[in-house]
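J.: Pasting the sequence and the predicted model now:
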Amino acid sequence: MNRALIGIRGEPTPEGMARILNALEALEGVQEVQAAGPAQVMVAYDPQALTVMDLIRVIREEGFLAGML
């Protein structure tokens, strides 16, 4: 299991952060997702199933800019 700390540009509203967390949790290969700050998420994922770019892409699909910290 790998871990990635991903920063989200700006500060998402609580509803926006909930959408991000739910979208990440729905990915096959994600073991754990947690908010690590007002604009950060920590994701534990299977590197055989996903890449960091896959995680960032899901966040962008929710309408937020994101990048690895």
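T.: Perfect, I can see it now.

J.: Next, please give the residue ranges for the strands of the protein.
T.: Counting by DSSP state E, one finds strands in the chain at the ranges 2-8, 30-37, 40-45, 66-68.

J.: Including distance to Glu15, could those strands go into a markdown table?
T.: (C-beta placed from N, C-alpha, C; glycine too.) Below are the strands of the chain laid out as a markdown table (distance: least, C-beta to C-beta, whole Å):
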| stretch | distance to Glu15 |
| --- | --- |
| strand 2-8 | 13 |
| strand 30-37 | 13 |
| strand 40-45 | 15 |
| strand 66-68 | 17 |
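
J.: hey, which of these is tucked in deepest?
T.: Comparing the strands of the chain by mean neighbour count (mean count of other C-beta atoms under 10 Å), strand 40-45 comes out on top with a mean of 19.

J.: Apart from its chain neighbours, what residue comes closest to Val41?
T.: Ile6 (5.2 Å; C-beta to C-beta, 6 or more residues apart in numbering).

J.: mind checking the longest helix of the protein?
T.: helix 14-25 (DSSP state H).

J.: any idea of the angle that helix forms with strand 30-37?
T.: If you take axes from the mean of the first three to the mean of the last three C-alpha atoms, to 10 degrees, helix 14-25 sits at 150 degrees to strand 30-37.

J.: what does helix 14-25 contact?
T.: Residues from elsewhere that reach helix 14-25, judged by C-beta atoms under 8 Å, 6 or more residues apart in numbering: 8, 12, 30, 33-35, 41, 43, 55, 58-59, 61-64.
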